[in-house]
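Chemist: no sequence for this one, just the structure:
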């Protein structure tokens, strides 16, 4: 898992012309997207386990 500074350096590598403010905005957007995807995946796995338990598999 990348920490914030590693993610920031990676963003700077691929978006070299970006200002510090643009990098921070990009990182904020990425953080929100990661949170949304993580929550969706957790819900998916929980639903799968519940269905598995109900059907006895």
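Modeler: Cool, the structure landed. Bear in mind that the values here come from a model prediction, so they are computed numbers and not experimental data.
Chemist: ranges for the helices of this structure?
Modeler: Assigned by DSSP state H, the chain shows helices spanning 4-14, 20-55.
Chemist: Pipe the ones you listed into a markdown table and attach mean neighbour count and mean pLDDT per row.
Modeler: Where C-beta positions appear, they are placed from N, C-alpha and C, glycine not excepted. Formatted as a markdown table, the helices of the chain follow (neighbours: other C-beta atoms under 10 Å; pLDDT from 0 to 100):
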| stretch | mean neighbour count | mean pLDDT |
| --- | --- | --- |
| helix 4-14 | 12 | 91 |
| helix 20-55 | 11 | 94 |
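Chemist: and the residue nearest in space to the middle of the chain, how far is that from residue 54?
Modeler: With distances taken as C-alpha atoms, centre = their mean, residue 34 lies nearest the centre of the chain, 1.7 Å away. Relative to residue 54, residue 34 is positioned 30 Å away (C-beta to C-beta, to the nearest Å).
Chemist: just residue 6 next, same as before
Modeler: In this structure, residue 6 and residue 54 are 41 Å apart, going by C-beta to C-beta.
Chemist: next one: residue 32
Modeler: Relative to residue 54, residue 32 is positioned 33 Å away (criterion: C-beta to C-beta).
Chemist: which residues touch the closest residue to residue 12 other than its chain neighbours?
Modeler: Distances taken as C-beta to C-beta, 6 or more residues apart in numbering put residue 23 closest to residue 12, at 6.1 Å, once the chain neighbours are dropped. Counting by C-beta atoms under 8 Å, 6 or more residues apart in numbering, residue 23 touches 8, 11, 12, 15.
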